[in-house]
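In: have a look at this prediction, sequence included:
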Amino acid sequence: MTPPDTEFLSLRMPRVSPSGQDVLALLESEQPDIRSVTEAIHRDPVLSSAVLKYANAPMYRRLVEVTNVRQAVSILGLANVRLAVMVASMRDFADAYRDHPLANAIWSHSFTMAAVMRAIADMAVPRRAEDIELTGLLHEMGALILLTNFPQEYTQLAEAALAEDSFLEDREKAFFGVTHNELVARVIDEIRLPDASRGAITDFPYMEEVPLAGREVDDHLAVLALAHHLHEEAGRQPYHPRERIPDDPERLRTALGLDEADLAALRQQHEALRDSYGVGD
């Protein structure tokens with residue numbers, strides 16, 4: 001039975017903590033104060049832990065482990081602190097499912113895509129790299145929302161999609177009347193997702209080709225699609241169903257101004273990153 005659309009109005013949703021809201025507000029000022037940001041993070045143990053974990057992630061890791069928030073903020077940079085706020089909010093929201101195979105697959109995929117997309121964006125559109133990384137991190141947040149609210153039903157949908165190697169979005173649409181991508185646009189105003197990220201996440205499964213019209217959302221879409229092509233080429237992670245991926249990777253590579261050497265380097269980075277994230281701790 002398909003849940004009525006009104007049921008989505010009462011779904012349990014991720015919430016940013018008061019300290020996290022303070023951090024986001026500080027980051028939106030013209031000249032964010034690092035000390036104030038650090039103090040706001042210190043007030044929230046969950047957020048502090050997320051910032052430290054993110055600073056010690058494979059893409060940022062230094063020779064010595066990062067053990068304090070001030071050091072973590074310095075390493076991440078203020079823009080990437082926003083990512084840590086999102087991670088903290090989503091981890092807290094989905095904490096009951098930290099050992100669920102599908103939840104772990106979603107986290108692993110999201111972190112891998114965020115890292116690979118950041119690498120692509122650093123090469124192709126560096127001025128937008130941080131927002132594009134955020135798009136990668138959050139593009140499957142709707143799947144965690146559906147899993148957390150409908151654990152049995154959503155697990156069964158994912159298992160059926162895996163067994164038949166079919167698209168999970170089709171099963172979501174048939175059962176819930178909404179895909180996890182569409183759900184992102186409905187429910188996450190609170191975490192202040194940029195319009196380009198929102199548009200890219202919502203449009204991603206529904207286009208044959210990325211418009212490549214020079215808009216910011218087109219850059220997000222092109223990087224999101226190319227990262228998924230690289231991921232599909234290397235083989236999906238266990239428990240993660242198949243996704244629709246728009247466009248041709250060669251067209252995307254050309255549009256982003258990348259050559260074959262860049263693509264080879266990205267494949268190598270992807271291989272190093274895809275199994276590096278511990279998502280259940």
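Out: All right, it came through fine. Worth saying up front: this structure is predicted, and the values here are computed from it rather than measured. Numbers count the residues shown, from 1 in each chain.
In: buried residues, the helix or strand of the chain with the lowest mean pLDDT. List them.
Out: Within the chain, no helix or strand scores below helix 180-187, which has a mean of 79 by mean pLDDT, DSSP states H and E. Using 16 or more other Cβ atoms under 10 Å as the test for burial, helix 180-187 gives His180, Asn181, Glu182, Leu183, Val184, Ala185, Val187. Every residue, glycine included, has its C-beta placed from N, CA and C.
In: the stretch 101-250 of the chain: helices as residue ranges?
Out: In the stretch 101-250 of the chain, the helices defined using DSSP state H, counting those that start in this stretch lie at 101-124, 129-138, 141-149, 151-164, 168-176, 180-187, 195-203, 216-234, 249-255.
In: run a quick neighbour tally on Pro101.
Out: 15 (other Cβ atoms under 10 Å).
In: quick one, grab the pLDDT at the spatially most central residue of the chain.
Out: Centroid check for the chain by Cα atoms, centre = their mean gives Leu137 as the closest residue, at 1.5 Å. In this model, Leu137 is scored at 87, pLDDT.
In: do the one 10 residues further on as well
Out: In the predicted model, Leu147 carries a pLDDT score of 94.
In: what's the closest non-adjacent residue to it?
Out: Leaving aside its chain neighbours, Leu147 sits nearest to Tyr154 (4.7 Å; criterion: Cβ to Cβ, 6 or more residues apart in numbering).
In: and the one you found, what does it touch?
Out: Leu102, Ala143, Leu146, Leu147 (Cβ atoms under 8 Å, 6 or more residues apart in numbering).
In: highest neighbour count among these?
Out: Going by other Cβ under 10 Å, Ala143 tops the contacts of Tyr154 with 27 neighbours.
In: surely it meets Ile106?
Out: Yes - proximity of Ala143 to Ile106 meets the contact threshold set by Cβ atoms under 8 Å, at 5.2 Å.
In: which of the contacts of Tyr154 sits closest to Arg253?
Out: Ala143 (27.4 Å; Cβ to Cβ).
In: coming back round to it: ok, so of the contacts of Tyr154, who is nearest Ala161?
Out: Of the contacts of Tyr154, the one sitting nearest to Ala161 (Cβ to Cβ) turns out to be Leu102, at 10.6 Å.
In: that older thread, quick check: the farthest pair among the contacts of Tyr154?
Out: Leu102 and Leu146 (10.1 Å).
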